[in-house]
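K.L.:
Predicted model and sequence follow; I will ask about them next.
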Amino acid sequence: DGGITQSPKYLFRKEGQNVTLSCEQNLNHDAMYWYRQDPGQGLRLIYYSQIVNDFQKGDIAEGYSVSREKKESFPLTVTSAQKNPTAFYLCASSIGSGNSPLHFGNGTRLTVT
Amino acid sequence: QKEVEQNSGPLSVPEGAIASLNCTYSDRGSQSFFWYRQYSGKSPELIMSIYSNGDKEDGRFTAQLNKASQYVSLLIRDSQPSDSATYLCAAQMDSSYKLIFGSGTRLLVRP
């Protein structure tokens, strides 16, 4: 089945450590996205990529980094510079043309203590 | 700051009633609009997309778009307890294909 796989589902880290969240898609989508969701809030865009080897900052990119070396993969690193990293992280992809909706993975819930 | 606004709710309706969810957006240049349903602890799933003024129906769901008023709505007919979830409105605001999401409206359908 085609879809978006995020791993792990739950992740626990100590403050000061970098952590990388995995996102893989086999939908052959060009565009991929990372969103963050805090309790009771909507989704906020961290980074997005419309094509391999290119990505753009979203609204809350500070403290995060990404790479897009392959079409299928768009990993997100949460660095120690991110002040409030505990959140629900959602990866999504789309065809990349106008009017195309996003399809989401199941999310990674990151807890940093 | 380009925004999408939704009433956080909860909106409580009895089973079998019509639930009406509303959304406004700030960017007149927005072209594409989407409704997602999100159950607690889960990721959003796409329910409807709408691109032109008027109504679009899909089963029990109807999306309505009024670009002049910068207003999008979602009607759920014959509401079921399984429809209880948070509904997110999203708008595509420029040519970069990224979506801006509202904070969501929580819907409760009472049996």
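P.N.:
That came in fine, so what should we check first?

K.L.:
Could you point out which residue ranges in chain A have low pLDDT?
P.N.:
A:1, A:97-98 (pLDDT under 70).

K.L.:
give me the element the residue most central in space within it is part of.
P.N.:
Among the residues of chain A, the one closest to the centroid is A:W34, at 2.9 Å (Cα atoms, centre = their mean). Per DSSP states H and E: A:W34 is located in strand A:31-37.

K.L.:
residues in chain B within reach of chain A, list them.
P.N.:
B:4, B:6, B:8, B:31-32, B:34, B:42-46, B:49, B:51, B:88, B:90, B:92, B:95-104 (Cβ under 8 Å from any Cβ of the partner chain). Where you see a C-beta, it was placed from the backbone N, CA and C, and this is true even at glycine.

K.L.:
Buried ones only from those, please, as a ChimeraX command.
P.N.:
Buried residues within these, by 16 or more other Cβ atoms under 10 Å in any protein chain shown, are selected in ChimeraX with:
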select /B:4,6,32,34,43,44,49,88,90,92,97,98,99,100,101,102,103,104
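
K.L.:
Return the residues of chain A in contact with chain B.
P.N.:
A:31, A:33, A:35, A:40-45, A:48, A:50, A:56, A:58, A:90, A:94, A:96-107.

K.L.:
let's see it at 7 Å
P.N.:
A:31, A:33, A:41-43, A:45, A:48, A:50, A:58, A:90, A:94, A:96, A:98-102, A:104-107 (Cβ under 7 Å from any Cβ of the partner chain).

K.L.:
so after the helix or strand of chain B with the lowest mean pLDDT, what's the next helix or strand?
P.N.:
Among the helices and strands of chain B, strand B:99-101 carries the lowest confidence by mean pLDDT, DSSP states H and E, at a mean of 89. Downstream of strand B:99-101, the next assigned helix or strand under DSSP H and E is strand B:105-110.
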